[in-house]
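**Q** give me the fold of what follows.
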Amino acid sequence: MSIDDDETRRTPRARLHVRLTATSRAELSRRASASGIPVSSLARQLIETELDRKAMSEIADTDHALVGLAALNAAELAALMVASVLPEGKRLMHELAPQAAVAAEERLALFRESSR
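**A** Below is the predicted model:
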């Protein structure tokens with residue numbers, strides 16, 4: 001038994017009353033019976049599993065946002081470095097920025113379609 005388990009066991013539990021549809025109740029009972037555990041234990045497990053999954057999903061979303069920002073930062077740095085060595089590079093970079101934005105949106109749309 002870990003310290004976390006010991007702490008959880010000492011924490012008073014609150015009773016939660018939940019209304020289920022007949023279909024949900026029947027499925028919960030069927031799964032509990034198949035697992036050989038009480039319905040209340042299975043309900044707790046399912047709730048905890050979903051809460052953990054949601055927390056992990058939120059962390060992944062944050063990670064994806066940070067990766068996107070890092071990629072954008074790298075692309076901007078590369079563009080500035082190229083612009084600094086080309087004659088009139090900064091002017092060209094500003095003139096081409098709207099086209100680059102359209103191209104980026106089109107590329108994102110392709111990625112979104114391919115992930116479906």
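
**Q** just for this structure, where's the confidence low?
**A** The chain contains residues with pLDDT under 70 at 1-12.

**Q** do a quick rundown of the strands in it.
**A** Counting by DSSP state E, the chain has no strands at all.

**Q** now do the same contact list for the spatially closest residue to residue 80 that is not a sequence neighbour.
**A** Closest residue to residue 80 apart from its sequence neighbours, by CB to CB, 6 or more residues apart in numbering: residue 93 at 7.6 Å. The C-beta positions use only the backbone N, C-alpha and C, and glycine is treated the same way. Contact analysis of residue 93 by CB atoms under 8 Å, 6 or more residues apart in numbering lists 79, 80, 82, 83.

**Q** which pair of those residues spans the longest distance?
**A** Spatially, the most separated pair among the contacts of residue 93 is 80 and 82, at 7.4 Å (CB to CB).

**Q** how far off centre is stretch 99-116?
**A** Centroid separation for stretch 99-116 versus its chain: 20 Å, with CA atoms, centre = their mean, to the nearest Å.
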